[in-house]
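> what's the 3D shape of this:
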Amino acid sequence: MVRSLFSGVSGLKTHQQKMDVIGNNIANVNTTGFKTSVTTFQEVYYQTKKNGSAGSNLQGGVNPSQVGYGTKLGAIGQVMGQSGFTYSDSVYDCALSGDGFFQVMDEAGNIFYSRAGVFNVDNAGNLVDSNGNMVLGVSGDATGVDASSNRITFVVPEVLDNEASYSKTITYKGGTYPLTVSADTATPDGNISVGFTVGESDYAYMSGNKLVVQLNEKNDYTNLNDLEDAVTRACENGGVSIEGVLPLHFELDTVPPAADIPATTATNTMKLDDGTTKASLTFTTVNAGEYANNYTINLRYSKNAADTTAKWSDNGLTISVCPGATVADIQAAVDKAAGSNEKYQLKVTSTDWDAANGALETLLATDGKVGLAGGSNNFFSDMVQLLGNIKMTDGRVAATQTVKDLDSVYINEDGTIYGVHSVHGIIMLGRIDIVTFDNPNGLEQVGSSYWRETLSSGQPQVNIAGENGSASVVSGALEMSNVDLSQEFSDMIITQRGFQANSRIITTSDTMLEEIVNLKR
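Residues are numbered from 1 along each chain as shown. Next up is the predicted model:
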């Protein structure tokens, strides 16, 4: 009778422990990088009331008879499955896609492992987690460096002084573009002036302390690198060498999208005049650049034609105008002749054509002819002319640089961290390395979203992210908890019923014991 009490008590204890685990899972449903735990039970032991025996020719075998003593906690295991991501505005927040852990070190030198990549940079340039512990990997240029467990400290090289620079805002066809021209250092004599002109070739020469750069007007620079190369080529052709200054560097603070760069289209107006009535037709190419050059428009009156028609022959367009035609009729004919060919798409406009309809035959007694040329898409060529004369000065002063001086930071999938600096360009700041274990379920949870190794987990294996089966790094994201609330609530109901049933064992056994005691009365 007492044994059933012990069984009931053991059942209460184990179900209470399972409920503790469920409660902890639910409490951490929104904890970054949390891994849910699962509880299993085991039997305690048995008292054998009768041993089993083998059968014979005279008597059958007997099975053993045993009475159990309840249950006990078997194991509390972690579910290390991958969870989803929640995206962050911070580039330093990192999630792991795959197997592995970040490694962090506290002030005492203890190394812990975590899936919660809530990182930031402290005032000393160290990459740290939300608890202020150091994130480990490789500092500085990690090219060709094996995976490591060293603290990651960002170092931005010092900016040297005496770098000549010049800033100007270029206003071009309604758009404003802040431009900076810079040299590696200042000239030995101090400042330098630069004059830009457009001519028939790339050529440069020195006039006192002024560098005169002539660029080929036929060039159509499509990006700033083209412009830099042309200036360098001009200096080479002219035999100009200014130590520490050349080449010059060009940088737009805001680079306009290609579709927004103002372009020049070719246009021309055909004047029609019979001495009494005057009219005009203006032809404009729809697309700029190479399509806008060297067109000839021929206009003739066809008194017997029923419709206005147009036909291209190479770069010449012949338009036959019927009696009573309007500008819309001419536009329709031009559109039909061009079809889908962007090269031949033209826009036809007039401010006085309708007034001339009555004298159309007289106006077109002789054919009209006009040429189109000069269309271009030469933003950077025009910009050279807008630069004019500039005076570069020693705009930079030597200074120690920190992470705050970086324009931006980004982290690749392999954990490599890059910074973009206005002077140094792209700098490799370090690399976050990843640790894997043969048995990650054997890790011991120590709180604060940390694990530490145990004999069961095996030794940590440090890898570059994405190599040897380790996870890749996802910047700007955090791994969510993998707690499944529907599963937890289902387990909670089952645990509650198990606890309730075991409590009934105790109350029923107590009632039976009470009846035995009452036999004495």
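
> Show the subsequent helix or strand relative to the one helix or strand V409 maps to.
Using DSSP states H and E, the element containing V409 is strand 408-411. From strand 408-411 onward toward the C-terminus, using DSSP H and E, the following helix or strand is strand 416-421.

> Describe which strands that next one pairs with in its sheet and in which direction.
Sheet pairing for strand 416-421, assigned by DSSP bridges, gives strand 408-411 (antiparallel), strand 425-436 (antiparallel).

> which residues touch the strand holding V409?
91-92, 94, 403, 417-420, 429, 432, 473, 475 (C-beta atoms under 8 Å, 6 or more residues apart in numbering). Just so you know, the C-beta spots here come from the backbone N, C-alpha and C atoms, and that holds for glycine as well.

> switch the cut-off to 7 Å
91, 94, 417-420, 473, 475 (C-beta atoms under 7 Å, 6 or more residues apart in numbering).

> Would you reformat those as TSV and include distance to G316, neighbour count and pLDDT?
Output for the contacts of strand 408-411, formatted as TSV (distance: C-beta to C-beta, whole Å; neighbours: other C-beta atoms under 10 Å; pLDDT from 0 to 100):
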residue	distance to G316	neighbour count	pLDDT
V91	57	14	96
C94	63	26	97
I417	60	27	97
Y418	55	15	97
G419	57	22	95
V420	52	13	93
V473	61	27	97
S475	58	21	96
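
> Including distance to N502, could those residues go into CSV?
As requested, the contacts of strand 408-411 are exported to CSV (distance: C-beta to C-beta, whole Å):
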residue, distance to N502
V91, 53
C94, 46
I417, 55
Y418, 60
G419, 61
V420, 64
V473, 48
S475, 50
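
> Show me which of those residues is closest to L248.
V420 (20.8 Å; C-beta to C-beta).

> so the closest one sits right up against L429, yeah?
No. If you go by C-beta atoms under 7 Å, V420 and L429 don't touch, sitting 10.5 Å apart.

> just the strands in the stretch 251-400 of the chain please.
Ranges of strands within the stretch 251-400 of the chain are 267-273, 278-285, 295-301, 309-313, 316-321, 346-349, 368-372, 389-394, 399-401, based on DSSP state E, counting those that start in this stretch.

> least trustworthy helix or strand in this protein by mean pLDDT?
Every helix and strand in the chain was compared by mean pLDDT, DSSP states H and E; the lowest is helix 360-363, with a mean of 66.

> tell me which residues of the lengthiest helix in the chain are tucked away?
Longest helix in the chain by number of residues, with DSSP state H as the criterion: helix 485-518. Neighbour counts over helix 485-518 (16 or more other C-beta atoms under 10 Å) mark 488, 491-492, 495, 498-499, 502, 505-506, 509 as buried.

> what mean pLDDT does it have?
Across helix 485-518, pLDDT averages out at 91.

> quick one: that helix to chain centroid distance?
Computed by C-alpha atoms, centre = their mean, to the nearest Å, the separation of helix 485-518 from the middle of its chain amounts to 56 Å.

> For that helix, name the packing helices and strands.
helix 2-27 (3 or more C-beta pairs under 7 Å, 6 or more residues apart in numbering; DSSP states H and E).

> tell me which residues in the helix it packs on are buried?
Across helix 2-27, burial judged by 16+ other C-beta under 10 Å covers 4-8, 10-15, 17-19, 21-22, 25.

> Among the strands paired with strand 416-421, show me which one is buried the most.
Counting by mean count of other C-beta atoms under 10 Å, strand 425-436 has the highest mean neighbour count of those, with a mean of 21.

> Can you work out which other helices and strands pack against the host helix or strand of L179?
Using DSSP H and E, L179 sits within strand 175-182. Applying 3+ C-beta pairs under 7 Å, 6+ apart, one finds that strand 175-182 contacts strand 164-172, strand 249-252.

> Show me the contact partners of stretch 102-120.
For stretch 102-120, contacts defined as C-beta under 7 Å, 6+ apart pick out 32-33, 92-96, 101, 127-130, 133-136, 149, 151, 432, 435, 443, 446, 449-452, 478-479.

> buried ones in it?
Buried residues in stretch 102-120, counted by 16+ other C-beta under 10 Å: 102-105, 111-119.

> thinking in terms of the whole chain, how far from its middle is that stretch?
25 Å.

> Quick one: end-to-end length of it, please.
Chord length of stretch 102-120, first to last residue, is 14 Å (C-alpha to C-alpha, to the nearest Å).

> which sections of the stretch 251-400 of the chain are below the confidence cut-off?
The stretch 251-400 of the chain contains residues with pLDDT under 70 at 253-263, 289-293, 355-362, 364-367, 376-383, 394-398.

> hang on, the earlier thing: what's the closest of the contacts of strand 408-411 to H249?
V420 (15.1 Å).

> show me what contacts that closest one?
Applying C-beta under 7 Å, 6+ apart to V420 gives the contacts 406-408, 426.

> which residues of the stretch 51-200 of the chain score low on pLDDT?
160-163, 172-174, 185-191.

> Would you indicate which residues of the strand holding L179 are buried?
177, 179, 181-182.

> Confirm that S83 lies within a helix, as I assumed.
No. Read with DSSP: H, G, I helix; E, B strand; the rest coil, S83 is coil and lies in no helix.

> need the contact list for the residue nearest to it when sequence neighbours are not counted.
Nearest residue to S83, sequence neighbours excluded (C-beta to C-beta, 6 or more residues apart in numbering): N482, at 3.8 Å. Applying C-beta under 7 Å, 6+ apart, we find N482 in contact with 35-36, 79, 81, 83.

> let's go with 6 Å and repeat that
35-36, 81, 83 (C-beta atoms under 6 Å, 6 or more residues apart in numbering).

> Mind pulling the model confidence for it?
pLDDT, N482: 95.

> you'd agree it is in a helix?
No. Looking at N482 with three-state DSSP, it is coil, so not inside a helix.

> can you list contacts of the following helix or strand past the strand holding L179?
Reading on from strand 175-182 to the C-terminus, the next helix or strand found by DSSP H and E is strand 192-199. Contact with strand 192-199 is made by 210-215, 217, 384-385, 387, 389-392, as judged by C-beta under 6 Å, 6+ apart.

> 10 Å - rerun?
With contact meaning C-beta atoms under 10 Å, 6 or more residues apart in numbering, strand 192-199 is reached by 164, 166, 181, 183, 186, 203-204, 206-219, 227, 231, 234, 242, 245, 248, 381-393.

> Am I right that S88 is in contact with E479?
No. Counting by C-beta atoms under 10 Å, S88 does not reach E479; the two are 11.0 Å apart.

> Relative to the whole chain's centre, how far out is stretch 13-25?
From the chain centre to the centre of stretch 13-25 is a distance of 42 Å (C-alpha atoms, centre = their mean).
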